[in-house]
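Student: Structure here, sequence nowhere to be found:
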């Protein structure tokens, strides 16, 4: 059984990650409402000079539907953020008490974290970094914030999966 202070630390990290994505998405929706219309133009500038396979993916699949992907990104960030923020206190209260609630919240957390992982990988590759090795772009740090988010998401997915497996059925 996980110690209470370890549980609090993990749930605070999960809530912080949720807050990061909630604010990022909300800023795209409310503060910078031109994000959806400007995404295609931004991607043309940042990806247009590259010839790697990810640039081909962006040019072929994303750019023709840039506005739609803009809406998907901003709302996915908000929804994933809200789920992770709400999941933290629910998991804290329901741990070892309400198995059905705990399982549902853990599954929602895993799905949200998978979405965050996918978005962060795409944000990382969009900067021109190598899909396999960091450091391909001299203008980004050796370990970018997006890679940190990917690693953090993976750790939290494993934690939530472990929580899901150890939950006793009602």
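Tutor: Okay, I see it. Predicted model, so just to flag it, every value in this text is computed and none were measured.

Student: For the rest of this, base every contact and every neighbour count on C-alpha atoms.
Tutor: Noted.

Student: where do the strands sit along this structure?
Tutor: Per DSSP state E, the chain carries no strands over any range.

Student: shaky segments in it?
Tutor: Applying pLDDT under 70 to the chain picks out residues 1-2, 48-52, 96, 127-144, 167-170.

Student: Next, count neighbours for residue 55.
Tutor: Number of residues near residue 55 (other CA atoms under 10 Å) recorded here: 21.

Student: Correct me if wrong: it contacts residue 47.
Tutor: Yes: applying CA atoms under 8 Å, one finds residue 55 in contact with residue 47, separated by 5.6 Å.

Student: what touches both of these two?
Tutor: Contact criterion CA atoms under 8 Å, 6 or more residues apart in numbering; residues shared by residue 55 and residue 47: residue 126.

Student: Show me what counts as buried in stretch 68-85.
Tutor: Using 16 or more other CA atoms under 10 Å as the test for burial, stretch 68-85 gives 69-71, 73-85.

Student: which one of these sits closest to residue 162?
Tutor: Closest approach to residue 162 among these (CA to CA): residue 84, at 16.6 Å.

Student: Relative to residue 115, how far out is that closest one?
Tutor: 11 Å (CA to CA, to the nearest Å).

Student: list the contacts for the residue nearest to the spatial centre of the chain?
Tutor: By CA atoms, centre = their mean, the chain has its centre lying nearest to residue 116, at 1.4 Å. By CA under 8 Å, 6+ apart, the contact list for residue 116 reads 77, 80, 149-150, 153.

Student: same thing but at 10 Å, please
Tutor: Neighbouring residues of residue 116 by CA atoms under 10 Å, 6 or more residues apart in numbering: 17-18, 21, 76-77, 80-81, 110, 122, 146, 149-150, 152-154.

Student: ditto for residue 112
Tutor: Contacts of residue 112 (CA under 10 Å, 6+ apart): 18, 76-77, 79-84, 106, 118, 153, 157.

Student: Mind checking which of the residues you listed are in helices?
Tutor: Using DSSP state H, 18, 76-77, 79-84, 106, 118, 153, 157 are the members of the contacts of residue 112 that sit in helices.

Student: Just name the closest of these to residue 166, please.
Tutor: residue 106 (11.2 Å).
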